[in-house]
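Peer 1: Just to be clear, the model below is a prediction. Sequence and coordinates:
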Amino acid sequence: MSRIAGMFDRLRPEGRAALIPFVTAGDPSPDVTVSLMHGFVAAGADLIELGVPFSDPIADGPVIQRATERALARGVMLRDVLTMVRRFREQDQDTPVVLMGYLNPIEVMGYRAFADAAAEAGVDGVLIVDVPPEEGGDLVSLLRAHDLDLVYLLAPTSDAERIDRIGALATGFVYYVSVKGVTGSGHLDVDAVATKLTEIRGRLDLPVGVGFGIKDAADAGAVAGLADAVIVGSAIVGRIEDLAASQASGERIVETVGAFVADLRAAIDAARRH
Amino acid sequence: MATRSDDIAALTGLDSAAYHWPDADGHFGPYGGMFVPETLMHPLAELRAAYERFLADPDFQRELDDDLRDYVGRPSPLYHAERWSRELGGAQIYLKREDLNHTGAHKVNNTVGQALLARRMGKTRIIAETGAGQHGVASATVAARLGLECVVYMGEVDVARQEANVYRMRLLGAEVVSVKSGSRTLKDALNEAMRDWVTNVDNTFYIIGTVAGPHPYPAMVRDFQAVIGREARAQMLERTGRLPDVVMACVGGGSNAIGLFHPFIDDSGVEICGVEAAGDGIETGRHAAPLCAGKPGVLHGNRTYLMEDDNGQIVETHSISAGLDYPGVGPEHAWLKDTGRARYVSVTDREALAAFHMLTRVEGIIPALETSHALAYAAKLAPTMPKDRTIVINLSGRGDKDMHTVAQLDGIQL
């Protein structure tokens, strides 16, 4: 069983939703990322989503775009991200890690080389934002052959046919994008999310994570009552940006962001389903 | 070595079969496709369905034809540049005068078509990306005419070097958003337009200005621009009694080029030649010539030739012409290159500028800097060909928008 499936299996009997924090690898600097990942786990994260920097992140809002630019300015490339995962795994063999990024860096590395390197580094799943099921092809079969979970996005615009198509390919969990928009945008409409999650759950048998509009602990708590996982990206990355702008040390960033993640955890657990 | 006719046979599958790309999923061989976030997959499917429905609808076709005739001013003339041909001393050069269209470039052929489609789909808001500003102006123009809200995304660098077009767009009632992310040029304007579309899919129609982006855009924009090649083909037959020996156009994203080329693809005797921007020179790395010096990758919804580094990051491009300053190229061009049906060359900023001055002085036609790239290559090729051979060049736009750039290079303050 994959680390991701195992994680959801452990949480299910407790009625707890998983907490999935996101960070762009290399932001604000490459030496902070692994400490941040450990800090997330200490604060109650169940899975970590690690953003792979790409020059043209069309699905990301301004906060994550700027994080990407900071990471690229430090020269953080796909192979460096894999090194960070390898270093994280030296101390943590339990917490699943999903890479989230765009296809072109993987295309240039080569599908097979990427699948080999990701599996060897200890990556558990891959979400490639600009690869819908229609374009997966060889990459999907290679990732699957390496026991890497294929995480797909579902959107408010995904109709029944698309949900089925994605359900047939996805493993680990699916990621429901709760707003029409880029990362960090929009306002969470809990009723609309609840309606769509009912439709999705009726068509596929995988845990469903919800992300893209969750700004604070209150949002996280509201979503935890509906979803199997709560994914928080821009709210975390925005805090990292503010801290880096004020010249905060790596330790201070890990501590402050860890405290925010702990608040999210508390709100999620308070909303535990009975 | 494979001959050209072998390549064409491979391209079409059968010797006798007509060119039929893209396939049902929008692929041109390994290129094209739909590499977009999930949120856009359903809107793209809707767009495809609407486009296919209206393509077959005689009412839509009649409306489009009327607009192209009465609003755009088609057919555009085919002009025999006799004096320039004589000076070059070789092949006869014919210019397809897209610069005479309303708004001064070929871009309007496509925006008229997509805006009609937007209205029929019930969309009330139009967004567009622009580099040189020609597509932005063409989009703002049709939006004004149809009473649609219009937002144009333009890189901060391009806003600065194409001031006049920014003002034109604002006069037409469009909001021009200066994009400050990434390299602050056309590719970043495209990123920002995609982000807008993801956010406002319900009421918004994204008019992509070139033959790139996810399916169905490369095919749809080509179909709207192919009027250029259909007219040119008929005009050459009428004028000279035969097809041209060469058809030639500049290639940035490649919409004016594919518009001219597409109706000639099955004419195996017609050589197809696209001209990219070599900027300071291919060897300097400061250029915008992905077909000549890039490699395949995925950007802006399609697989195509790109300018990228060893880590798959898209690199900054350079060209004197904002409209060619783009690190990708339409996927159909990638396929035409790989199959050998078209060949792609490049000319430098300096060569393009020389051609700009030459056409202006010799024919009294001030071309756009983009177009000047095609003219510069024709000036090299024509003298190597006999005088009874012909070259058709797509004179894709007029140079009024480039007055500041050219004056500055000549050390003149306007």
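Peer 2: Here it is on my side, so go on. Source: prediction; values computed, not measured. Residues are numbered from 1 along each chain as shown, chains lettered A, B, ... in the order given.
Peer 1: Pairing-wise in the sheet, spell out the partners of the spatially closest residue to residue B:190 that is not a sequence neighbour.
Peer 2: The shortest distance from residue B:190 to any non-neighbouring residue, by C-beta to C-beta, 6 or more residues apart in numbering or on different chains, is to residue B:129 (4.5 Å). For glycine as for every other residue, the C-beta is placed from the backbone atoms N, C-alpha and C. According to DSSP bridges, the partner residues bridging residue B:129 are residue B:153.
Peer 1: Residue numbers of chain B in contact with chain A?
Peer 2: With C-beta under 8 Å from any C-beta of the partner chain as the criterion, chain B meets chain A at residues B:25, B:33-43, B:181-182, B:187-188, B:191, B:194-195, B:198-202, B:296-301, B:306, B:308, B:310-314.
Peer 1: Please type out the PyMOL selection for whichever of these turn out to be buried.
Peer 2: Here is the PyMOL selection string for the buried members of those, based on 16 or more other C-beta atoms under 10 Å in any protein chain shown:
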select buried, chain B and resi 33+34+35+36+37+38+39+40+41+42+43+181+182+187+188+191+194+195+198+199+200+201+296+297+298+299+300+301+306+308+311+312+313+314
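Peer 1: Tell me which strands the longest strand seen in chain A pairs with, and in which orientation.
Peer 2: As assigned by DSSP state E, the longest strand anywhere in chain A is strand A:18-24. Strand A:18-24 pairs in its sheet with strand A:48-51 (parallel), strand A:229-232 (parallel), by DSSP bridges.
Peer 1: Point out the most buried one among the ones you listed.
Peer 2: strand A:229-232 (a mean of 27; mean count of other C-beta atoms under 10 Å in any protein chain shown).
Peer 1: gap between it and the chain center?
Peer 2: Its chain's C-alpha centre and that of strand A:229-232 lie 8 Å apart, by C-alpha atoms, centre = their mean, to the nearest Å.
Peer 1: now it: mean pLDDT?
Peer 2: The average pLDDT within strand A:229-232 is 98.
Peer 1: Likewise for stretch B:162-181?
Peer 2: Rounded mean pLDDT across stretch B:162-181 is 95.
Peer 1: do stretch B:231-251 as well
Peer 2: 98.
Peer 1: likewise stretch A:193-206?
Peer 2: Per-residue scores along stretch A:193-206 average to 96.
Peer 1: Export the strands paired with strand A:18-24 as TSV, with columns for distance to residue B:368.
Peer 2: Formatted as TSV, the strands paired with strand A:18-24 follow (distance: least, C-beta to C-beta, whole Å):
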stretch	distance to residue B:368
strand A:48-51	40
strand A:229-232	47
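Peer 1: Residue B:328: which of those is closest?
Peer 2: strand A:48-51 (22.8 Å; C-beta to C-beta).
Peer 1: Quick one: mean pLDDT for the closest one?
Peer 2: Mean predicted lDDT for strand A:48-51 stands at 98.
Peer 1: go on, stretch B:394-410?
Peer 2: Across stretch B:394-410, the per-residue pLDDT values average to 92.
Peer 1: tell me which residues of it are tucked away?
Peer 2: B:394, B:395, B:396, B:397, B:398, B:399, B:401, B:402, B:405, B:406.
Peer 1: Likewise for stretch A:218-234?
Peer 2: Using 16+ other C-beta under 10 Å as the test for burial, stretch A:218-234 gives A:219-224, A:226-234.
Peer 1: just checking, which of these belong to helices?
Peer 2: By the criterion of DSSP state H, membership of the buried residues of stretch A:218-234 in helices covers A:219, A:220, A:221, A:222, A:223, A:224, A:234.
Peer 1: circling back to that earlier point, from what I can see the residue nearest to residue B:190 touches residue B:139, true?
Peer 2: No: between residue B:129 and residue B:139 there is no contact under C-beta atoms under 8 Å: 9.2 Å.
Peer 1: overlap in contacts of the two?
Peer 2: Overlap of the contact sets of residue B:129 and residue B:139 (by C-beta atoms under 8 Å, 6 or more residues apart in numbering or on different chains) consists of B:152, B:209.
Peer 1: What is the neighbour count of residue 249?
Peer 2: As the question left the chain open, I've gone with chain A. 10 (other C-beta atoms under 10 Å in any protein chain shown).
Peer 1: right idea, wrong chain: chain B
Peer 2: The burial count for residue B:249: 31, using other C-beta under 10 Å.
Peer 1: did I read that right, it in a strand?
Peer 2: Yes: if the criterion is DSSP: H, G, I helix; E, B strand; the rest coil, then residue B:249 is within a strand.
Peer 1: give the contact list for it.
Peer 2: B:256, B:257, B:260, B:261, B:274, B:275, B:374, B:393, B:394, B:396.
Peer 1: JSON lines for the residues you listed, including secondary structure?
Peer 2: What follows is the contacts of residue B:249, written out as JSON lines (three-state DSSP):
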{"residue": "B:256", "secondary structure": "helix"}
{"residue": "B:257", "secondary structure": "helix"}
{"residue": "B:260", "secondary structure": "helix"}
{"residue": "B:261", "secondary structure": "helix"}
{"residue": "B:274", "secondary structure": "strand"}
{"residue": "B:275", "secondary structure": "strand"}
{"residue": "B:374", "secondary structure": "helix"}
{"residue": "B:393", "secondary structure": "strand"}
{"residue": "B:394", "secondary structure": "strand"}
{"residue": "B:396", "secondary structure": "coil"}
